[in-house]
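>>> fold the following and give me the result.
(one chain, ligands or ions: 1)
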Amino acid sequence: MKIIDRLNKYITEANDPIKPNFSIKDAKMIRKSIMEELQAVNDYTKRAYESENPAIKELFLDIAYEEKVHIGEFEEMLEIVDPEHETAEEEGEEEMEKFVEPEDDEFEDE
Ligand SMILES: [Fe+2]
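Alright, predicted model coming up:
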């Protein structure tokens with residue numbers, strides 16, 4: 001069972017209708033785990049491209065992908081534990097969309 005499924009099961013099974021009270025320590029542990037997963041993606045990808053054996057390269061790339069899946073699971077957990085994280089993440093995505101796809105009128109003076 002995936003981590004996020006276990007967490008949701010735990011929340012669902014809790015008798016108290018209010019979600020369990022998560023601590024700052026829980027949020028810190030999840031953020032640290034995301035950083036470790038990101039580092040693992042970089043490490044496995046680097047090893048994949050260092051290998052001259054196609055099977056080894058494929059193995060490391062497959063494992064790197066699995067680490068990306070783990071990042072998604074931890075991000076979902078973090079959104080439950082720290083709801084502000086999701087709000088801030090969405091704000092960041094909107095800001096980046098403006099940067100990547102600027103509105104036409106921003107360039108009218110040029
Ligand atoms: Fe992982």
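>>> so Val41 sits right up against His70, yeah?
No - counting by CB atoms under 8 Å, Val41 sits too far from His70 to count as a contact (9.1 Å). In short, each C-beta sits where N, CA and C put it, glycine included.
>>> need the overlap of contacts for these two.
Residues touching both Val41 and His70 (CB atoms under 8 Å, 6 or more residues apart in numbering): none.
>>> which residues of the protein lie near the ion?
When proximity is defined by CB under 5 Å from the ion, the chain lies next to the ion at Glu37, Glu67, His70.
>>> so what's the last one closest to, chain neighbours aside?
By that I understand His70. In this structure, His70 finds its nearest non-sequential neighbour in Glu37, 4.8 Å apart by CB to CB, 6 or more residues apart in numbering.
>>> hang on, that neighbour packs against Val69?
No - using CB under 8 Å, Glu37 makes no contact with Val69, being 9.1 Å away.
>>> SS state for Glu52?
With DSSP: H, G, I helix; E, B strand; the rest coil as the basis, Glu52 sits in coil.
>>> actually Phe22, sorry about that
The three-state assignment at Phe22 reads coil, by three-state DSSP.
>>> what confidence value was assigned to the nearest residue to it once chain neighbours are set aside?
Residue nearest to Phe22 in three dimensions, not counting chain neighbours: Val81, with 4.2 Å by CB to CB, 6+ apart. At Val81, the predicted lDDT confidence score is 85.
>>> likewise for the one 10 residues further on?
For Glu91, the model assigns a pLDDT of 94.
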